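Undergrad: predicted model follows, preceded by the sequence.
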Amino acid sequence: MANERPLEGKTALVTGGSRGIGLATARRLGEMGAKVSICARDGERLDRATRQLTQEGIRTVGVHADVTRAGDVELLVQKTQTSLGPIEILVNNAGIGYFGPVQEASEANWDGVLDTNLKGVFLMTKAVAPGMIERRSGHIINIASLAGKNAFARGA
């Protein structure tokens, strides 16, 4: 019989883990035996998701963090490693979109999308990759999803 908990003892970090795809991913990783760290910008949602996963028997740490800020990322990685151990799985899931006509978007809308969806992946990967390289083991998973078609691309 195949191992039903192939990730037993591994540490996973899921960005944007308080809802949707991120929460579902964190739950599945936990069901497979991983210890899970989740982060989000919304503190209330993060606390609720952390309690929910913990009540389901998943060892979970929730860290309030914005993946667009290097200081938050450093603190997130530090808290995760202190509480759960070396990060062996990173799921870059945090993402936002602008859902309106492109000609109505502001530069701030554009910057927000790029900072979260691209810079966040860069900062997170940069923070965990050295440990993975040193251990010669690790997995980085990048999720790209748009909640609606034509996000940031609709014309007039």
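TA: Yep, that arrived.

Undergrad: got the phi/psi numbers for the residue nearest to the spatial centre of the chain?
TA: The centre of the chain sits closest to Thr15, judged by CA atoms, centre = their mean, with a distance of 1.2 Å. Backbone torsions for Thr15, taken as degrees, to the nearest 10, come to phi -80, psi 150.

Undergrad: got phi/psi on the nearest residue to Gly85 once chain neighbours are set aside?
TA: Nearest residue to Gly85, sequence neighbours excluded (CB to CB, 6 or more residues apart in numbering): Thr11, at 4.7 Å. Using the backbone N, CA and C atoms, a C-beta is placed for each residue, glycine as well. Main-chain torsions, Thr11, degrees, to the nearest 10: phi -110, psi 130.

Undergrad: just to revisit the earlier point, isn't the residue nearest to the centre of the chain up against Ala127?
TA: No - taking contacts as CB atoms under 8 Å, Thr15 lies outside contact range of Ala127: 11.0 Å.

Undergrad: got a list of what Val36 touches?
TA: By CB atoms under 8 Å, 6 or more residues apart in numbering, the residues touching Val36 are 11-14, 17, 26, 29-30, 53, 58-61, 84.

Undergrad: now Thr138. Nearest residue, chain neighbours left out?
TA: Small correction: residue 138 is Gly, not Thr. Using CB to CB, 6+ apart, the closest residue to Gly138 is Met132 (2.9 Å).

Undergrad: from memory the one you found sits against Met124, does it?
TA: No - judged on CB under 8 Å, Met132 makes no contact with Met124 at a distance of 11.9 Å.

Undergrad: neighbour count: those two, which is higher?
TA: Neighbour totals were compared for Met132 and Met124, and Met124 leads with 26 against 18 (other CB atoms under 10 Å).

Undergrad: the helix or strand containing the more buried one packs against which elements?
TA: According to DSSP states H and E, Met124 maps onto helix 120-135. Packing contacts for helix 120-135, counted by 3 or more CB pairs under 8 Å, 6 or more residues apart in numbering; DSSP states H and E, involve strand 11-15, helix 70-84, strand 89-92, strand 139-142.

Undergrad: just the C-alphas of the third one, formatted as PDB.
TA: Extracted as PDB, the C-alpha positions of strand 89-92 are listed here (Å, rounded to 0.1, in the frame of the first residue of the first chain):
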ATOM      1  CA  ILE A  89       8.000  23.200  -0.100                       C
ATOM      2  CA  LEU A  90       7.100  26.800  -1.100                       C
ATOM      3  CA  VAL A  91       3.800  27.400  -2.800                       C
ATOM      4  CA  ASN A  92       3.800  31.000  -4.300                       C
END
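
Undergrad: since that was my last question, I'll sign off now.
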